[in-house]
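Visitor: Take a look and give me a structure for this.
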Amino acid sequence: MSHLRFLLATMKPLGIQFLIKQDVARKVFLQSQRCVSSGSTEPFLSGSNSNYVEEMYYTWLENPKSVHKSWDLFFRNANAGAPPGQAYQTPLPDLSKSRALLFQSHGLAKTPGQAEKLLEDHLAVQSLIRAYQIRGHHVAQLDPLGILDADLDSFVPSDLITTIDKLGFYGLHESDLDKVFRLPTTTFIGGDETALSLREIIKRLENTYCQHIGLEFMFINDVEQCQWIRHQFETPGVMKFTNEEKRTLLARLVRSMRFEDFLARKWSSEKRFGLEGCEVMIPALKTIIDKSSEMGVEYVIMGMPHRGRLNVLANVIRKELEQIFCQFDPKLEAADEGSGDVKYHLGMYHERINRATNKNITLSLVANPSHLEAVDPVVQGKTKAEQFYRGDTAGKKVMSVLLHGDAAFAGQGVVYETFHLSDLPSYTTNGTIHVVVNNQIGFTTDPRMARSSPYPTDVARVVNAPIFHVNADDPEAVMHVCNVAAEWRNTFNKDVVVDLVCYRRRGHNEMDEPMFTQPLMYKQIHKQVPVLKKYADKLIADGTVTLQEFEEEIAKYDKICEEAYTRSKDKKILHIKHWLDSPWPGFFNLDGEPKSMTCPPTGIPEDMLNHIGKGASSVPLEGFKIHGGLSRILKSRLEMTKNRVVDWALGEYMAFGSLLKEGIHVRLSGQDVERGTFSHRHHVLHDQEVDKRTCVPMNHLWEQQAPYTVCNSSLSEYGVLGFELGFAMASPNALVCWEAQFGDFHNTAQCIIDQFISSGQAKWVRHNGIVLLLPHGMEGMGPEHSSARPERFLQMSNDDSDAYPEFSAADFEVSQLYECNWIVVNCSTPANYFHVLRRQILLPFRKPLIIFTPKSLLRHPEAKSSFDEMVSGTSFRRVIAEDGAAAKTPNEVKRVIFCTGKVYYDLIKERKSQDLEKQVAITRLEQISPFPFDLVKEELEKYPGAELVWCQEEHKNIGYYDYVKPRFRTIVNHTRPIWYVGREPAAAPATGNKNAHLVSLRRFLDTAFNLDAFEGKKF
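Guide: Predicted structure coming up:
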């Protein structure tokens, strides 16, 4: 008991400070400090027990009935003013059997020593109960194979009573086992009983915390949540199932296992990443969906890796079996819809009746790449969007379920990033249920080499998500845990993790040999009885089902599979659109094609420009005090509006505001986007005198308008870009933008860009209109804040550099956009930025849009646009041709410089200083990919005798040159060279030395206007 005495002594001063503040509390405290003899009326009030008295007093204040009647009388008397030594009175006899047993079992006598022992023993029992609640999972029987400890540690905590001698840790002995102890309010093991013997207490704690369920929840800093979990698991008899529920569970196990067996028989040499060893996952997911449907959920969005995916598609989503089986046919031809993907990456969307609740349920399994966990934020973004469009602010109608592998859950950083979005206002999905298929191995890597944490699920602790570990060979324990998980999510709107501790019966895939690296584990696996047989034998033995009924259930599902297999042979063509995870009803025609191949002009009426300009210049809330510097910015916006011009920020405001009037939701997300990295945007105003009072003027432009969401994100790129991609999947009628703080920061989200954005439509026939805003420009800010790496986006563009597109002139632009995988632009004017944002919505289809946005141009006096370039009838200009003196006398032009972006302003300044405005034409490519072959051809034909130059501020191996060079040569049929002017090749995107930056700028500007620079050179 020395550790308990130390605890009492440590806590005592804190209790004293609190109690002396209250009159009644002071009386109680004074009595507890009074020295008394063995014959005193209040023998329990000794100095060593003062802290216990304080604890009982707190409890009594909350609920007088929660303490023993003697304490109730004592505190009532003290409260009434009884003098020290007289507050205690022997209570009237209590006829409660449990209470009588309590006193009898301890042989209670009115001596200080025995009373103190009673108090200390009760404190010890409370500590013991708490120890099981905190650490019981460490000794839970979680591994179905019985060879590993789920927490990678065979150490048994010393405060768990695994052997009788451990009672000594608490100052208890074997003779105390049959003594009765009053149970604290922090446990529910007693059920209706308020006191139990120590032996029964230990037994019930072991049954709750040390069998096939291991609970981690005591780190949660919310008492109500901890109490809720304790009630769900500790209450006696809480895990009982009806015979009907057991039969349903058995039938679901049959379908799960026989599906895998069928695939193994028919295609024994095919990769399918089967679920064998964790077949219980299928009934687990169905239980989660059933319980959630019962509580009102109408739409479940799921993300998962490859393992078990076909089984989930077949038995959870209810994809037609013949559609799955035909995927194994090597003769199946692909429809001309894209490159497609392997069968265990495909997604699905399905609406059906939930048989358990007889309610409509929509299920969507999001397609994903092999890159494990990359789909997590995408699912969350799609879920958030579906909640948003339904007005489901509490997440009661739409929810997400994420499945994970143990190694990836612990190893992939995007898991952490996604968890940290879970409680942010503009990103929360009001709780996600995570199911970990913990087969205790990652490909060939032992978990002891794959993580430093005890469990693969420890990452979830950072957001106070409870973690329920469960032995996957105990189906009923799994079902109980899944029911509780669904109820937790519905009750508290927070994440929860179900850790299915299982095994992998085969190798990483069906062709892999696991005995090379895990011989002992796989020797045990080969002897392991499948969970279906175990559970069926159990139910047959207790009479829940008969052997005949079990065999009939197997035969019934086998017949379903065989019939579907026969039908699958009739399938000759694979249509990827049948596997679409996010359909957009009504947006395309019935064949999934655009309803037209035209795009209307993107300009808007001048009165609308004026209205938005005034809205951008004002504060719509009364008594809202803004920063003085911001007042100047708003005045300058109003002045520009009066002068019929816009800068970059106002041009963006015009695009967003006009789309909102047309009913298009606009969402802008990223690091510091509310103000803007470069302090140019200011879409969220902050009251300078009232904390946390903000205003978004964009949401006050029109009486009837779509909402505008602008939200600073967490300091994450991978997770947040994935989230916004998922948000954009949900509806075509939204402009969803993600802005990088600096353009090169997108490379930490490269997986989302490579696996989803650039190739998503080709693999999964999934359109997506997400917009990436990437600040870009060589301005002497060093190698990390300069280049958005345009060469990477251009390299992944799918237009052919060697073939001139064969489109009619009338629909060249739209047809070319429809054929591309994404659009890459570098606008040089606010008007063109305005138009490209609006075009993104007015196109009859959706493509990702990559915009290299400016930094210094945000405030460049030349980088402004007139309303004339934005009014009705105007459109995005893919190429801005020379319109000065050179264009008026094209035969006198010696050189045509093609460029894109900010460098144009350096070039025109230098041209003017050298007085070469008639000899040198400068043409801007605003849309780089798909390459504007038609408009560039017009420019080349306009200047037949001129030298052609591509000028860029980026280094030669970085930027646009390698992309544009072959396309220029295709246009001229390789008859004319296109010379390069710019910085020399380099490993780093930019120099960190300001002087070196200016010297290299001066050098390439001199070359650009030296008309003899390429004399005698060969191309």
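Visitor: Low-confidence stretches in the stretch 801-950 of the chain?
Guide: The stretch 801-950 of the chain contains no residues with pLDDT under 70.
Visitor: isn't Lys179 right next to Ala195, touching?
Guide: No - applying CB atoms under 8 Å, one finds Lys179 not in contact with Ala195, separated by 10.1 Å. (C-beta placed from N, C-alpha, C; glycine too.)
Visitor: low-confidence ranges in this structure?
Guide: Short version for the chain, where the test is pLDDT under 70: 1-52, 54-55, 58, 78-112, 335-337.
Visitor: Remind me which helix or strand the residue nearest to the spatial centre of it belongs to.
Guide: Closest residue to the average C-alpha location of the chain: Pro377 at 3.1 Å, with CA atoms, centre = their mean. Assigning secondary structure by DSSP states H and E places Pro377 in helix 375-390.
Visitor: Could you check how far the helix or strand just after that helix is from the centre of its chain?
Guide: Downstream of helix 375-390, the next assigned helix or strand under DSSP H and E is strand 398-405. Distance, stretch centre to chain centre, for strand 398-405: 10 Å (CA atoms, centre = their mean, to the nearest Å).
Visitor: nearest residue to Ala616 other than its sequence neighbours?
Guide: Leaving out its chain neighbours, the residue that sits closest to Ala616 by CB to CB, 6 or more residues apart in numbering is Tyr653, at 4.5 Å.
Visitor: Show me the contact partners of the one helix or strand the one you found maps to.
Guide: Applying DSSP H and E as the criterion places Tyr653 in helix 648-661. For helix 648-661, the external contacting residues (CB atoms under 8 Å, 6 or more residues apart in numbering) are 604, 608-609, 612-613, 615-616, 637, 640-641, 646, 666, 668, 676, 680-682, 698, 701-702, 705-708, 735, 830-831, 833-835, 837-838, 841, 853-854, 857-858, 863, 865, 870.
Visitor: which element is the residue nearest to Val437 when sequence neighbours are not counted on?
Guide: Nearest non-adjacent residue to Val437, counting by CB to CB, 6+ apart: Cys278, 5.1 Å away. Assigned by DSSP H and E, Cys278 falls within no helix or strand.
Visitor: Please list all residues in contact with Cys278.
Guide: Cys278 neighbours (CB under 8 Å, 6+ apart): Gly308, Val437, Asn439, Ala472, Leu500, Cys502, Tyr503, Arg504.
Visitor: what's the spacing between it and Asp473?
Guide: Per CB to CB, to the nearest Å, Cys278 is found 10 Å from Asp473.
Visitor: Can you pull the residues that touch both of these two?
Guide: Cys502.
Visitor: hmm, back to that, out of the contacts of helix 648-661, which are inside strands?
Guide: Val646, Val666, Leu668, Tyr708, Leu735, Thr853, Ser865 (DSSP state E).
Visitor: what sits against the residue nearest to the last one when sequence neighbours are not counted?
Guide: Think Ser865. In space, and not counting its chain neighbours, Ser865 is closest to Ala831: 3.5 Å by CB to CB, 6+ apart. Counting by CB under 8 Å, 6+ apart, Ala831 makes contact with Val646, Gly651, Ser865, Ser866, Glu869, Met870, Thr874.
Visitor: does Val436 count as helix, strand or coil?
Guide: Of the three states, Val436 takes strand according to DSSP: H, G, I helix; E, B strand; the rest coil.
Visitor: measure it to Ala150 for me?
Guide: In terms of CB to CB, Val436 sits 11 Å off from Ala150.
Visitor: Which neighbours do the two have in common?
Guide: Common neighbours of Val436 and Ala150, using CB under 8 Å, 6+ apart, are Asp499.
Visitor: Tell me how many other residues surround the nearest residue to Ile164 once chain neighbours are set aside.
Guide: Spatial nearest neighbour of Ile164, excluding adjacent residues (CB to CB, 6+ apart): Glu174 at 5.3 Å. By the criterion of other CB atoms under 10 Å, Glu174 has 12 neighbours.
Visitor: Test my guess that Glu174 contacts Lys166.
Guide: No - with contacts counted by CB under 8 Å, Glu174 stays clear of Lys166, the gap being 10.8 Å.
Visitor: quick one: Gln914 and Ser269, what's the gap?
Guide: 71 Å.
Visitor: burial of Leu725, as a residue count?
Guide: For Leu725, using other CB under 10 Å, the count is 25.
Visitor: Check the secondary structure at it for me.
Guide: helix.
Visitor: Can you give the distance from stretch 464-479 to the centre of its chain?
Guide: 22 Å.
Visitor: Sorry, wrong one. I was asking about stretch 560-575.
Guide: 36 Å.
Visitor: quick one on the thing from earlier: out of the ones in strands among the contacts of helix 648-661, grab the one that's most surrounded.
Guide: For these, neighbours tallied by other CB under 10 Å; top is Val646, 29 neighbours.
Visitor: Give me the nearest residue to that one, chain neighbours excluded.
Guide: Pro830 (5.0 Å).
Visitor: residue contacts, the one you found?
Guide: So Pro830 contacts Val646, Asp647, Trp648, Leu650, Gly651, Glu652, Ala863, Lys864, Ser865 (CB under 8 Å, 6+ apart).
Visitor: so where do the helices sit in the stretch 401-550 of the chain?
Guide: 406-411, 413-419, 475-492, 519-527, 531-541, 547-568 (DSSP state H, counting those that start in this stretch).
Visitor: re the thing from before, now the contacts of Ala831: which count as buried?
Guide: Val646, Gly651, Ser865, Glu869, Met870, Thr874 (16 or more other CB atoms under 10 Å).
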